[in-house]
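# have a look; sequence and predicted model below, questions after that.
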Amino acid sequence: MEKTYLMVKPDGVRRQLVGKLVQRFEDKGFQLIAAKMFRMTREQAEYHYEEHKDKPFFGELVEFITSGSVFGMVWQGENIVALSRAMMGKTNPLDAAPGTIRGDYALNTGNNIIHGSDSPQSAEREISNFFRPEELAAGDYPVRMPGSLANDKVIPV
Ligand code: GTP
Ligand code: MG
């Protein structure tokens, strides 16, 4: 089953949006298989944002993401990478449609509330930066999937 790494950034944690954001992904039909509140180390932050290391905002980005606690999560579900990115909305909240997370809660790119992996390969890399394999739940609890409301369905990891 496809997995992704979603993370409420320090601005979202400070604004106490964690519960609302978890709810959105549960409502969509995705399955939460790991989550924790933690403060990212500088090394983890630099690795996480490695693709941006030559950009002018890299220093500011690392400062911001290590400025407070984040809520890191591993989720799984069908097409979760693309669907969760669509639910998050465009990177710049000015371009993010109302109804998306950034469209509903964010004002600027530097404080855009949430991170989501941009490919299954990035997800694997990001998950291993923050979670040990044994921290991931087996993913074997029964989930009622949209479209199969009559039956509980066990989704294998
Ligand atoms: P993430 O899910 O956070 O990776 O966002 P994204 O994939 O939509 O955007 P991208 O990977 O291109 O950029 C990563 C993050 O860097 C963004 O979410 C922003 O928080 C931040 N960022 C991008 N561009 C800028 C910028 O011009 N200024 C600042 N301060 N931050 C930026
Ligand atoms: Mg990105």
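Done, it's in. Ligands and ions are numbered 1, 2, ... in the order given.
# the helix or strand harbouring residue 63 vs ligand 1: in contact?
In the assignment (DSSP states H and E), residue 63 maps to helix 58-65. Yes. Contact between helix 58-65 and ligand 1, assessed by Cβ under 6 Å from any ligand atom, occurs at 60, 61. Yep, even glycine has a C-beta here, placed from its N, CA and C like the rest.
# quick check: buried residues in that helix?
Judged by neighbour count using 16 or more other Cβ atoms under 10 Å, the buried positions of helix 58-65 are 61, 62, 64, 65.
# what's near enough to touch residue 60?
Applying Cβ atoms under 8 Å, 6 or more residues apart in numbering, we find residue 60 in contact with residue 110.
# re the thing from before, ok, which pair from the buried residues of helix 58-65 is furthest apart?
Using Cβ to Cβ, the two most remote members of these are 62 and 64, lying 7.3 Å apart.
# need the three-state assignment for the closest residue in space to residue 65 that isn't next to it in sequence.
What sits nearest to residue 65 in space, not counting adjacent residues and going by Cβ to Cβ, 6 or more residues apart in numbering, is residue 45, at 4.9 Å. Secondary structure, DSSP: H, G, I helix; E, B strand; the rest coil: residue 45 is helix.
# distance check, residue 45 against residue 100.
25 Å (Cβ to Cβ, to the nearest Å).
# now swap in residue 54 and tell me
As judged by Cβ to Cβ, residue 54 and residue 100 stand 28 Å apart.
# again, but for residue 74
Residue 74 sits 21 Å away from residue 100, taking Cβ to Cβ as the criterion.
# quick one: which of these two has more around it?
Neighbours were counted for residue 74 and for residue 100 using other Cβ atoms under 10 Å; residue 74 has more, 25 against 20.
# hmm, who's touching stretch 27-46?
Taking Cβ under 8 Å, 6+ apart as the rule, stretch 27-46 contacts 1, 3, 13, 18, 22, 25-26, 48, 53, 61-62, 65-66, 68-77, 80, 83-84, 87, 129-131, 135-137, 139, 141, 143, 145-146, 155, 157.
# can you do 7 Å?
Taking contacts as Cβ atoms under 7 Å, 6 or more residues apart in numbering, the residues outside stretch 27-46 that touch it are 22, 26, 62, 65-66, 69-77, 80, 83, 87, 129-131, 135-137, 139, 143, 145-146, 155.
# report the buried members of those residues.
Burial of the contacts of stretch 27-46 was assessed by neighbour count (16+ other Cβ under 10 Å); the buried members are 22, 62, 65-66, 69-77, 80, 83, 87, 129-131, 139, 143, 155.
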